[in-house]
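1. Have a look; sequence and predicted model below, questions after that.
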Amino acid sequence: MPEEKSPYPNHLEIVRVLSRALDLKYESKFLDDQVANPDFDFRFVGLAVKRGLHEPLDHHVDAQFANDIVRWLERFFEQYSAFVAKLSLEGVSREKAEQLLAAHLFSFYGAFALKELCRRLQGPAAETLLNDRKQAIAITASWASVKIRPWPGYVSTWSKQQADQFRRWQSGVELPSLSSLKTLFRSPEARGVLGQADSMRLCTLFVIARAVDWFRRQTFGHIALTHGLGSLRTGKHHKPIGYVLAEAHSAETMDIQRLHADIDFLAEGLNPFRPKQPADRELLRSRLTDFSQKRQALDPISTTVFWEHWFEARFHMLSGSLELAANDYKKAFEHAYFRAGRNQETIILEALVVTAMLVRPDKTFLKKLRNAQVLLGMELPLKPEQQPEQQDFRSKYDDHVEAWFIDFYRGHFNKRFPEAGAFPGVKYPRHDQALIGPILVTDELRHKKPDLRHPDRRITTGDGPSKKWPQLVYYTWLGDRDAVSALLQAGADPNKLSQSDESALLLSILALDVTELSNQDFDLGLFKAISSAEHNDQTLNCRTQKKRLAPLHAALNTNQIAVLETLLDMGCEPDFRAGVEMSTPLYHCLEKIGLLTGKASPLKQLQNAPDDQMLLDTIRRYSGGREGLTLEQVQTKLRQQYNDPRYQSLLAAVRDLLVGEVKNRLDLDQLRTMAQMLVQRGADPNAIHNYPIQGYTPLMLAVENDEDDLVDFMVEHGDGSLEMTYRENRTGREIGCRQIASYFQATKVLKRFFSSTGKI
């Protein structure tokens, strides 16, 4: 591990600081262990916020205040991750970094969060609380004596001990504990004199004041309060925060800047794309040795050591020594994480493709890299629907890395490290990489007969990069009903999956997809033959790797109620999540209903794709990696296309053709019947989804679509709740079904459920 802590405090450290400032005493050993672990699972941030801030604030202070804090923190973390990912603080110690961040980052966001809270609570002005001439507790008390009429009367009821204690708080001799503030403002006496509303409001305001006074006692906190006051007085930074922080960072690292010429030379010399000369290897080896000695002299606490390991990793890569390169990439990542700004992403991507090329890729390292990408906002989590609890929380490899990722990274290895850029004579290792792009099947293979003596034998397709299939899956994909029947009679196992986790059952359903323009023959024979075989639960409830396709979701495009009913009878779970966005079949069905009734706008969704990470990931998965390795690469390519008038014209044609054909081919009545069948078989109308709106449920989507009969069916037969709400991220407001119906002008739902004569 690095001798010097990373300059950026991690997210859990920030949660812990806020917990201490609010005196929430969330100091469990588990959180402390995770704070000390630089590779903590990104999901623990949400769990720490919930357990360490929201739940105790909700219980001890006020539910709205708890929601406000969490909403502000979630928004801040999104911005903070972007700062950590893009703005380098190399060469800066933790102590110096805390001062820089307090002055130029935390101060700005914290001050305006405080202003928003004070405004909502109609309390003292945030500017007065940040003024260090008096304690925030004293300022709040002075405000209360003027603005809260019963306050002086309540103060007069205090015992001498209470009055003396309050004076110590006002003078700053001691900080109030949360329990003492609760006793003072949440007691029956306080509610009796002040009234319930003012008692709750004052308790919250004094908790805020206590936090301000706590920060004033910390060196970084005092800096943040001083600069925060300046931000509130001017209303904004004169320069962008990132620019100000970068400027201050540059001034703090004058000695380290003496390394820049060496860094530039080695970066260019070890550039994986630059053709190398025979003398380059010896020259670069010598310069690496000199750089290491110079760096140690100028930077004894190793705040820039990641450069050394990164250059060593590239040197080994260009020499064809992948194992040695992978070891140095581990060290480079370890020292660059939460320090190296944009260089973090480059190190991570190079480390991913190099590690994937090893004979035995290091799963622990791959997990760390993927976890870092998600935490820094570079990638989406694989399982966003999971909400792990502390007692059974485990960070597993499969939670971060899907099976197809290895081949995906290998497929991009030559794009990161072209052999033309290696040292002369070096040949990079070759792997049987998975296909990037469509599957190519030769005429010879297409006309090959199945091996009935070995019915579970696997077939390999593709020239070079390949894909492996069990015969039954392959011939189902080809639509060869005779071969499928023969294999089943020969005893082929229908539970054998392809390399991409496709089952013969799934492919037989996809062959019935009426929205696929290339499909002409929607014969149920293939599906009936395969579905009559014995399937296990793992096959029935399995997603393909890239596109996350699953049988129940695929059945919704068949216009065949019998297909859906058969799958449910076979044991498919009615709430099994699939699709890139991981939705339930019921939610997916309602999305299709919205498309057919005109409530959904696929063109608008396509136009918003460059700014939607989920859609970018969908494009990347469905294109087989051709659009880029990262979401940012896919985004860049899309934006370039969107700026081309020819592409816009093509997009309009696609809208008219594909969307129009989908609407013509899908049957609205069948979809509504399918939705009812799913509810009857146990699908949950209240299942919470994270996309496109976090907290949305199938019932809410039915309300939005103005499907009053389906809403009624979900309430009557599926215990659907019209009382559930989701929290709007921008404002923090709780939005329920009535507001959804009103916003989307769902007149039938409004009249039937929310009018004076309706059910609610």
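-> Sure thing, it's come through. Residues are numbered from 1 along each chain as shown.

2. Every contact and neighbour count from this point should use C-alpha atoms.
-> Noted.

3. Could you look up the next helix or strand downstream of the lengthiest helix in the chain?
-> What stands out as the longest helix in the chain, according to DSSP state H, is helix 63-86. Scanning forward in sequence from helix 63-86 by DSSP states H and E, the next helix or strand is helix 94-101.

4. tell me how far that next one is from the chain's mean position?
-> In terms of CA atoms, centre = their mean, to the nearest Å, the centre of helix 94-101 is found 27 Å from the chain centre.

5. So which bits of whichever helix or strand comes after that helix are buried?
-> Sequence-wise, the next helix or strand downstream of helix 94-101 (DSSP H and E) is helix 107-120. Buried residues in helix 107-120, defined by neighbour count with 16 or more other CA atoms under 10 Å: 107-118.

6. what comes into contact with the next helix or strand after helix 107-120?
-> Going down the chain from helix 107-120, the next helix or strand is helix 126-130, by DSSP H and E. Contact with helix 126-130 is made by 111, 114-115, 118, 135-136, 139-140, 209, 212, 225-226, 228-229, 232-233, as judged by CA atoms under 8 Å, 6 or more residues apart in numbering.

7. What distance do you get for the most far-flung residue of the chain relative to its centre to residue 203?
-> Distance from the C-alpha centroid of the chain peaks at residue 160, with 53.2 Å (CA atoms, centre = their mean). Counting by CA to CA, to the nearest Å, the gap from residue 160 to residue 203 is 20 Å.

8. I'd like the distance from stretch 619-631 to the chain centre, please.
-> That offset, for stretch 619-631, works out to 17 Å (CA atoms, centre = their mean).

9. now swap in stretch 577-585 and tell me
-> 15 Å.

10. what about that stretch, how long is it end to end?
-> The first and final residues of stretch 577-585 sit 7 Å from each other (CA to CA).

11. Buried ones in stretch 187-203, by neighbour count?
-> 189-191, 193-194, 198-203.

12. before we move on, what SS does residue 528 have?
-> Classification of residue 528 using DSSP: H, G, I helix; E, B strand; the rest coil returns helix.

13. What about it, how many residues nearby?
-> Using other CA atoms under 10 Å, residue 528 is surrounded by 15 other residues.

14. swap in residue 103?
-> A count of nearby residues for residue 103, using other CA under 10 Å, gives 23.

15. pretty sure it contacts residue 224?
-> Yes - applying CA atoms under 8 Å, one finds residue 103 in contact with residue 224, separated by 5.1 Å.

16. any residues in contact with both of those two?
-> Counting by CA under 8 Å, 6+ apart, residue 103 and residue 224 have no shared contacts at all.

17. ok, residue 155 to residue 194 distance?
-> Per CA to CA, residue 155 is found 10 Å from residue 194.

18. which ones are touching residue 76?
-> Here residue 76 is in contact with residue 109 (CA under 8 Å, 6+ apart).

19. what's the answer for residue 515, then?
-> Residue 515 makes contact with 557, 661-662, 665-666 under the criterion CA under 8 Å, 6+ apart.

20. and if you look at residue 492?
-> 455-456, 472.

21. Let me know the closest of those residues to residue 383.
-> residue 472 (30.1 Å; CA to CA).

22. what residue ranges in the stretch 151-300 of the chain score low on pLDDT?
-> Within the stretch 151-300 of the chain, the stretches with pLDDT under 70 are 235-239.

23. where along it do the strands fall?
-> For the stretch 151-300 of the chain, applying DSSP state E, counting those that start in this stretch gives no strands.

24. Now do the helices in it.
-> 151-155, 160-171, 178-185, 188-194, 196-216, 219-234, 241-252, 260-269, 280-298 (DSSP state H, counting those that start in this stretch).

25. which one of those is the most hemmed in?
-> Of all the helices of the stretch 151-300 of the chain, helix 196-216 has the most neighbours on average by mean count of other CA atoms under 10 Å, namely a mean of 21.

26. Looking at the record's assignment, how would you partition the protein?
-> Domain assignment for the chain, taken from automatic domain parsing, gives 11-248, 255-421, 443-695, 696-760.

27. Reformat the ones you listed as TSV; add distance to residue 4.
-> Output for those, formatted as TSV (distance: least, CA to CA, whole Å):
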stretch	distance to residue 4
domain 11-248	7
domain 255-421	6
domain 443-695	30
domain 696-760	36
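
28. Many thanks, I have nothing further to ask.
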